[in-house]
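Participant: structural data only, the sequence is not supplied:
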C-alpha cells in the first residue's frame, strides 16, 4: 500500500476520480487526503458527504504556482487530474487550455520539486497519442513535462519521482456514450451514433484506481504506464442496449471534428520503447539499458502488438461482458 501513513494531494479532486479515491482510501491507514480545486460548491458537497477528519480542502487553481506550493507543504504523493477536458471547449478556447493543461502542469511539477514530494503522477489520455485536437496536444505536452521533470529534481535532497499514466475514457463516465444513449432511449429518441465501426477501450473507475495504485507503487520515475484493456464497438453497444431496452432506433451522425475512429494508447514510434510488465504496459525512457530494466522490472519483456496498441487491434469484450458492465451501472 504506497499510501500507508502518507499525505496525498489530488488536483482537480472534486471530479469523479477524486470521489473514487475517497471511497477507496478514506477509511484505510492513509494519513490525509487534500482536495485542491477551484469549485467551492463541489468541495462543500464533498465535505458534507464524507465528513472525515482525514479530508482537507484547498481552494485554488493550478495556474497559481504560489497557491500550489502552499497546498503541497508536507505532501508525499500528488495525483494531478486538473485539466480542461472538453474537446470542443479546448478547440474554441485554446489559450485557456494551454494555461491550465500545460502551464498548470508545469506549476504542479515545480511545486512538487520545491516541496520534496516523493511521487507525482499525472493522469493522461489516449487523445494525447498522435493528437488530432487541442485537448490532446496539451495533454501530450503535460506527459512530456512530467516524464522529463525527473532530471530537474534535486538528487541531493529528495528527488521527486515523476511519472504518467495513460488510459481512455472511463466506462460510462459522465458525458460518455453509454449514459447518453440511455438518456435518449428514456426520452424515446433515436440514439445518435457517430459510426458503427467506432471502437473504444473499456476501463471502469475501479480498474483505473487499481491501475494507478500499481503504477504509483512500482514507478521509478519517467515512465508512462498503460493498462491492459479490452475494447468494444458502438455496434456492440447498440446490439446490447437493444436487448436490454426498448430502443426506438438509431441515427448515424458521422465522426465529429477532432474525433478518432479508434482509440490509440501506443503509436508506432512509441512502440519502440514499449514494454510489458506484469498486468500493464510501460513506455520507458530510451536511455534505459537492459541492465537497468532487468534490475528494476524483473520479468519485463518487449511489447509489440503489431506496431500499435489500438482499440481496433486488441481483444474485444464479449456481448455478455458488455451487457454485465452496463447492467452494473444501474442506469437502466
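Facilitator: Received it, and whenever you're ready, just let me know what you need. Since the model is a prediction, treat every value here as computed from it, not as a measurement. Numbering: from 1, shown residues only.

Participant: what segments of the protein are helices?
Facilitator: In the chain, helices defined by DSSP state H lie at 16-25, 40-50, 65-71, 87-92, 94-97, 104-114, 134-148, 177-186, 205-218, 234-244, 290-296, 319-328, listed in chain order.

Participant: buried sites along the worst-scoring helix or strand of the chain on mean pLDDT?
Facilitator: Comparing every helix and strand of the chain by mean pLDDT, DSSP states H and E singles out helix 290-296 as the least confident one, with a mean of 80. Within helix 290-296, the residues that count as buried by 16 or more other C-beta atoms under 10 Å are residue 293. Every C-beta, even on glycine, is put in place using the N, C-alpha and C of the backbone.

Participant: now the residue nearest to the spatial centre of the chain: closest residue in space, sequence neighbours ignored.
Facilitator: Residue closest to the average C-alpha location in the chain (C-alpha atoms, centre = their mean): residue 123, at 4.0 Å. Once its chain neighbours are removed from consideration, residue 123 has its nearest residue in residue 81; the separation is 4.8 Å (C-beta to C-beta, 6 or more residues apart in numbering).

Participant: circling back to that earlier point, pLDDT score for the residue nearest to the centre of the chain?
Facilitator: The predicted structure scores residue 123 at 96 on the pLDDT scale.

Participant: and it, what does it touch?
Facilitator: 17, 79, 80, 81, 165, 212 (C-beta atoms under 8 Å, 6 or more residues apart in numbering).

Participant: need the residues you listed in TSV (columns: distance to residue 91 and neighbour count).
Facilitator: Supplementary listing: the contacts of residue 123 in TSV, determined by distance: C-beta to C-beta, whole Å; neighbours: other C-beta atoms under 10 Å:
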residue	distance to residue 91	neighbour count
17	23	20
79	27	23
80	23	25
81	21	22
165	25	25
212	28	21
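
Participant: min pLDDT across these, which one?
Facilitator: Looking at the contacts of residue 123 by pLDDT, the weakest one is residue 17, with 89.

Participant: distance of the closest residue to that residue other than its chain neighbours from residue 234?
Facilitator: Nearest residue to residue 17 in three dimensions, chain neighbours excluded: residue 81, at 5.3 Å (C-beta to C-beta, 6+ apart). Residue 81 sits 27 Å away from residue 234, taking C-beta to C-beta, to the nearest Å as the criterion.

Participant: before we move on, what about residue 318?
Facilitator: As defined by C-beta to C-beta, residue 318 lies at a distance of 16 Å from residue 234.

Participant: who has more neighbours out of those two?
Facilitator: The residue with more neighbours, out of residue 318 and residue 234 and counting by other C-beta atoms under 10 Å, is residue 234; that gives 20 against 12.

Participant: and stretch 275-290, what's buried?
Facilitator: Residues of stretch 275-290 classed as buried: 275, 276, 277, 280, 281, 282, 283, 284, 285, 288 (neighbour count, 16+ other C-beta under 10 Å).

Participant: make that stretch 309-327, sorry
Facilitator: Taking 16+ other C-beta under 10 Å as the basis for neighbour counts, the residues of stretch 309-327 that come out buried are 309, 310, 311, 312, 314, 316, 317, 322, 323, 325, 326.

Participant: for that stretch, what is the average pLDDT?
Facilitator: Per-residue pLDDT over stretch 309-327 has a mean of 92.

Participant: where does pLDDT dip in the chain?
Facilitator: Per-residue confidence for the chain (pLDDT under 70) gives these ranges: 1, 153-158, 174-175, 286-287, 332.

Participant: and stretch 118-136, how far out from the chain's middle?
Facilitator: Relative to its parent chain, stretch 118-136 has a centroid offset of 8 Å by C-alpha atoms, centre = their mean, to the nearest Å.

Participant: quick one: terminal-to-terminal distance for that stretch?
Facilitator: Criterion C-alpha to C-alpha, to the nearest Å; first-to-last residue distance in stretch 118-136 is 28 Å.

Participant: do the same with stretch 258-266
Facilitator: Looking at stretch 258-266, the gap from its leading to its trailing residue is 18 Å under the measure C-alpha to C-alpha.

Participant: give me the distance from it to the chain's centre.
Facilitator: Average the C-alpha atoms of stretch 258-266, do the same for its chain, and the two points are 15 Å apart (C-alpha atoms, centre = their mean).

Participant: give the buried residues for that stretch.
Facilitator: Those would be 258, 260, 262, 263, 264, 265, 266, for stretch 258-266 by 16+ other C-beta under 10 Å.

Participant: what does that stretch rub up against?
Facilitator: 87, 91, 126-127, 129-130, 132-136, 166-168, 194-195, 197-201, 226, 229, 231, 255, 274, 281, 283, 303, 305, 308-312.
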